[in-house]
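> no sequence on hand, only this structure:
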């Protein structure tokens, strides 16, 4: 954790990102926005597949193209990339930086990231999304701010290498979204964003809030922005109303294929999944192609339906049970004697509450 009560590590972690502020992150030249389809199938590997999946645009994991153990690329040419995932060599490829913490932490540790990014540029990658460093609830606030700064720096490295890159806007509070919005407004080279709804942000108790914040941020920036998402497909139409283009990296078709499920439409036109056992060692190529096609057709049908107006509204501020609640900050700050309560206060107080060690 990035915590002020571990001074030696805290200083080291601050130095590695140049402080918590966004303003000193390197600027990059605009690279333009690639045109992306609304639904992009995510292909994780080629297990039990023997023929090429005939898709013009596919998504794969950044961490399946880079060997994190050796710090080298798994593939050197488009033909090797196509053979590794059994996709067309001429397909447009989106690399997703969404990953589990060990993978994205290992990416940060690699000393040769510039060489790796140059290799990815030579592969003709269409788009890469920046790693989604975790913004957690049960850590010091400085840990959140450090993770967001790393996301921005990782994105800057990718864009500086000539790779069209999507900035992953991980956030935990309304103020976090305000900071991202101010940054994007000030930097027109940021025209593609990424977000991940597949885990905590996609839960019923949080997805409405995050979607509302993303839409509010898009309105605030006031210029066309693109958005690439993993998970959250049920909110695709709402997001499309606020972003110039929204692309979903669709993982369901692939994961359900490997669980031996086959998509079908029931009598009411809803997509359902049936058990589809295969013989030992049997190929999954036809099943995957079928599932990709039906999932895409389902999203296309939903896009044609008029969206019902949402009754969601941002919740009113109310007292919470812990001192980190944003709702209590105004009254707490007005009552705090900062020097007396906490000693030295960090010069970059990004809405942090200074508190004595307990």
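The structure has been received and is ready for your questions. The shown structure was predicted, so the numbers you read here are calculated from the model rather than taken from an experiment.
> checking residue 32 next. Helix, strand or coil?
coil (DSSP: H, G, I helix; E, B strand; the rest coil).
> SS state for residue 296?
Recorded secondary structure, residue 296: helix (three-state DSSP).
> quick check: domain ranges of this protein?
Taking automatic domain parsing as the reference, the chain has its domains at 8-315, 327-358.
> turn those domains into CSV, including mean pLDDT and mean neighbour count.
Using the backbone N, CA and C atoms, a C-beta is placed for each residue, glycine as well. Below are the domains of the chain laid out as CSV (pLDDT from 0 to 100; neighbours: other CB atoms under 10 Å):
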stretch, mean pLDDT, mean neighbour count
domain 8-315, 94, 17
domain 327-358, 42, 12
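> need the ones you listed in a markdown table (columns: distance to residue 1).
Listed next are those as a markdown table, based on distance: least, CB to CB, whole Å:
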| stretch | distance to residue 1 |
| --- | --- |
| domain 8-315 | 5 |
| domain 327-358 | 14 |
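> any idea how far residue 97 is from the closest residue to residue 85 other than its chain neighbours?
Spatial nearest neighbour of residue 85, excluding adjacent residues (CB to CB, 6 or more residues apart in numbering): residue 43 at 5.0 Å. According to CB to CB, to the nearest Å, residue 43 stands 16 Å off from residue 97.
> assumed residue 175 was part of a helix.
Yes - secondary structure of residue 175 (three-state DSSP): part of a helix.
> where does the spatially closest residue to residue 247 that is not a sequence neighbour land in three-state SS?
Spatial nearest neighbour of residue 247, chain neighbours left out: residue 36 (4.1 Å); criterion: CB to CB, 6+ apart. Residue 36 falls in the coil class when you classify it by three-state DSSP.
> got a list of what residue 36 touches?
With contact taken as CB atoms under 8 Å, 6 or more residues apart in numbering, residue 36 is in contact with 57, 92, 94, 126-127, 226, 228, 245, 247.
> measure residue 66 to residue 256 for me?
From residue 66 across to residue 256, the span is 27 Å (CB to CB).
> wait, what's in contact with the nearest residue in space to residue 112 that is not next to it in sequence?
Once flanking residues are discounted, residue 112 sits nearest to residue 71: 5.5 Å by CB to CB, 6+ apart. Taking CB under 8 Å, 6+ apart, we find residue 71 in contact with 110-112, 116.
> go on, residue 260?
With CB under 8 Å, 6+ apart, residue 260 has these contacts: 275-278, 287.
> again, only using 7 Å
By CB atoms under 7 Å, 6 or more residues apart in numbering, the contact set of residue 260 is 275-278.
> do the same with residue 108
Contacts for residue 108 (CB under 7 Å, 6+ apart) come out as residue 150.
> so where does it fall, helix or strand?
helix 101-109 (DSSP states H and E).
> residues making contact with the following helix or strand past that helix?
Downstream of helix 101-109, the next assigned helix or strand under DSSP H and E is helix 113-122. Contacts of helix 113-122 with the rest of the structure, by CB under 7 Å, 6+ apart, involve 66, 73, 110, 128, 157-158, 161-163.
> following the chain past helix 113-122, name the next helix or strand.
That would be, after helix 113-122 and using DSSP H and E, strand 127-129.
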